[in-house]
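Peer 1: Show me how the following folds:
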Amino acid sequence: MVNRTAEWLEADGQGGFASGMASGIRTRRYHALLLAAMRPPTDRIVLVNGFDAWVNTPAGSFALSSQHYLPDTVHPDGAQRIIAFGPEPWPRWTFELEDGTQIEQEIFIRHGTPLVVLSWRLVENRKDVTLSIRPFLSGRDYHSLHHENPSFRFEPERRDDRMIWHPYEGIPGIMACTNGDYLHQPDWYRNFLYEEERARGLDDTEDLASPGIFRWDLSRGEAILIFAVEGKEQGALPSGVPWDVALKALRSDEKQRRDLFPSRLHRAADAYLVQRGKGRTIVAGYPWFTDWGRDTFISLRGLCLATGRLEEAREILLEWSGAVSEGMLPNLFPDRGTMPEFNSVDASLWYVIAVHDFLEAMESAKRTVSSADRKRLHEAVEAILSGYAKGTRYGIRLDEDGLLAAGVPGVQLTWMDAKVGDWVVTPRIGKPVEVEALWLNALWIGSRFAKRWEPVFKRGRESFRTRFWNEAAGYLYDVIDCDHRPGVTDSALRPNQIFAVGGLPLALLDGDQARRVVEAVEARLWTPLGLRSLAPGEPGYTPHYEGGIRERDGAYHQGTVWPWLLGPFVEAWVRVEGNTPQAKHEARVCFLEPLLQHLDEAGLGHISEIADGDPPHSPRGCPFQAWSVGEALRLSLGVLAK
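Peer 2: Model (predicted):
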């Protein structure tokens, strides 16, 4: 049975990608065949959105595609002819026509290049079977929508066996290579309706330009159609050989590359590791995120360190090491422009954790860190600790109790960062519990480089243990000194306290307190897809993540489930159970295996960003999320490894 609601992803290693539904019906503005990052991994542009396909046989004409149009019409009926779909090693569909003809269609991206390969073939030889493909083009920013206009340039530039469209001034050329024939027949296809955009309360319709029709005689062999960004195909396409030989080489090379990954999660991890300038970074999620500082450093531990991709980890950490400003690392490099955003108190602290874990992983692998690299990493850690201790943006400063105060009205600083207009949904001004856990871990790590941080760490650890414990509730406060008012506390049951027991190199609680925290989190926050961001019954708990922007952002951290939090929770659970082989086995069965079942539910082979707080915990947000995949890898290859 085909899971028609599942989505597939083909990433190009530069921030660009192709994606769509198993049904073939595009439901997002981001579903496209050629979506390329012009300044990897940012400045993303949609060039080829999709296509219509139909086959002619002696029995008639049959569609292989379906589109959703206004007012609410699906046409033509090609999706009904899908009898099989599989995402491995790349998306592949099997269609069966009414006369028994079966056709296999596949799509894959040649890694390292904004180039997508499409092919169709008969499963069994038949006579008089022709295929027609009408591509849909735009040339728009990937967050925008496209509408009919007189400026679109339909006429292609023809060069030997390829054609190039230049849809608009300043937009890169769209190159098409094929072993078929092309009939120029320009037209506009209007009022495509994107169901997921409608559900998100956003603009949901667009018009696309179709310059003509490609045709093949499938009875004579496989149909091949390749789209690429003009000039980027050089060195990626075999030259001077027949198209069937070129396709075979492209398939073989890409299949061999993917076969090197030992599991689906390893292959998923590869999608998030992308180029930035001459270095590397991590895309936080597909289809709409780029590289966020916080997400990068959390994800790196699973995507790179757990999988043994230490060189990529090195490149990423060095790439970010020079971006420290007043102790802070940017939380986001915007898609356009060069000014980074620094509205994060924890991104820099997660960087320190990632540096520590990288150095530990290198030592375990008996690999040498060069003196130059070690110096740069140590300097970045020292700059972060010094900047925070001195005081920096947004009221971030070392307080007398050794803890870190942070926050000003109107700015979202923690990972619970939803904001709608001027409304910061979870402001958490003061001393948030996970920020203190990160800060104390960072001080402990820093004290191994410079002893002057040791007394600060000891003072802060003692303050944490005495000031955060809520004896009446049996777990930790979420924030103390709320709004910088000494002694004012927030006792809402949230998952952030789990970082005092698991998820970081140094646990701050042990014994009965650690066990009570884990028990409270498991009882009220755990779900098969991760931890709720707020316990049911707490004021403001929102059971479903749905509606328009305000409704969804208002629910984002008010009960919505986050799969990435399963990593620190399971690590904490195993710790309080004695870190025994039996505890690890039980945790794998009870906590990890239910999460891995999600690999076939939403983003195929990946794990979603979030899910509803109430059963059945429907997946929401990005279907392909880096830190969700990263923490699953960290658990399976590290925490729960035998």
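Peer 1: Could I get the contacting residues of Pro594?
Peer 2: Contacts for Pro594 (C-beta atoms under 8 Å, 6 or more residues apart in numbering) come out as Pro528, Leu529. All C-beta atoms are positioned from the backbone trio N, CA, C, and that covers glycine.
Peer 1: got the CA coordinates for the helix or strand encompassing it in PDB?
Peer 2: Assessed by DSSP states H and E, Pro594 sits inside helix 593-596. What follows is helix 593-596, C-alpha atoms only, in PDB (Å, rounded to 0.1, in the frame of the first residue of the first chain):
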ATOM      1  CA  GLU A 593      12.100   1.900  18.400                       C
ATOM      2  CA  PRO A 594       8.700   3.800  18.500                       C
ATOM      3  CA  LEU A 595      10.500   6.900  17.200                       C
ATOM      4  CA  LEU A 596      12.200   5.000  14.400                       C
END
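Peer 1: which outside residues touch the very next helix or strand once past that helix?
Peer 2: Where DSSP H and E defines the elements, the next helix or strand beyond helix 593-596 is strand 610-611. Residues external to strand 610-611 that are found in contact with it (C-beta under 8 Å, 6+ apart): 527, 529-530, 545, 556, 560-563, 617-621.
Peer 1: can I get the residues you listed in TSV with pLDDT and neighbour count?
Peer 2: Below are the contacts of strand 610-611 laid out as TSV (pLDDT from 0 to 100; neighbours: other C-beta atoms under 10 Å):
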residue	pLDDT	neighbour count
Thr527	98	20
Leu529	97	26
Gly530	98	30
Tyr545	97	24
Tyr556	97	24
Thr560	98	26
Val561	98	28
Trp562	98	27
Pro563	98	26
His617	97	19
Ser618	96	17
Pro619	96	23
Arg620	96	22
Gly621	96	19
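Peer 1: ok, of those residues, which one's closest to Lys278?
Peer 2: Distance to Lys278, by C-beta to C-beta, is smallest for Gly621 among the contacts of strand 610-611, at 31.5 Å.
Peer 1: who's in contact with the residue nearest to the closest one when sequence neighbours are not counted?
Peer 2: Leaving aside its chain neighbours, Gly621 sits nearest to Glu609 (3.5 Å; criterion: C-beta to C-beta, 6 or more residues apart in numbering). Applying C-beta under 8 Å, 6+ apart, we find Glu609 in contact with Gly285, Trp562, Pro563, Arg620, Gly621, Cys622, Pro623, Gln625, Ser628.
Peer 1: Of those residues, which belong to strands?
Peer 2: Among those, DSSP state E puts Gly285, Trp562, Arg620, Gln625 in strands.
Peer 1: rewinding a little: avg pLDDT for the helix holding Pro594?
Peer 2: Averaging pLDDT along helix 593-596 yields 96.
Peer 1: Could you pull out the buried residues of it?
Peer 2: For helix 593-596, burial by neighbour count (16 or more other C-beta atoms under 10 Å) applies to Leu595, Leu596.
Peer 1: what's the answer for stretch 535-546, then?
Peer 2: Ala535, Tyr541, Thr542, His544, Tyr545.
Peer 1: what does that stretch rub up against?
Peer 2: Under C-beta under 8 Å, 6+ apart, the answer for stretch 535-546 is 199, 492-494, 524-525, 534, 552, 554-556, 558-560, 610-614, 618, 620-621.
Peer 1: Determine how far the last residue of that stretch lies from the first.
Peer 2: 18 Å (C-alpha to C-alpha, to the nearest Å).
Peer 1: Next: stretch 90-99.
Peer 2: End-to-end for stretch 90-99, by C-alpha to C-alpha: 28 Å.
Peer 1: now do stretch 3-21
Peer 2: Using C-alpha to C-alpha, first and last residues of stretch 3-21 are 9 Å apart.
Peer 1: Can you spell out which helices and strands pack onto whatever helix or strand Phe108 lives in?
Peer 2: Per DSSP H and E, Phe108 falls inside strand 102-109. The contact analysis (3 or more C-beta pairs under 8 Å, 6 or more residues apart in numbering; DSSP states H and E) places strand 102-109 against strand 7-11, strand 17-21, strand 92-96, strand 115-122, helix 243-259.
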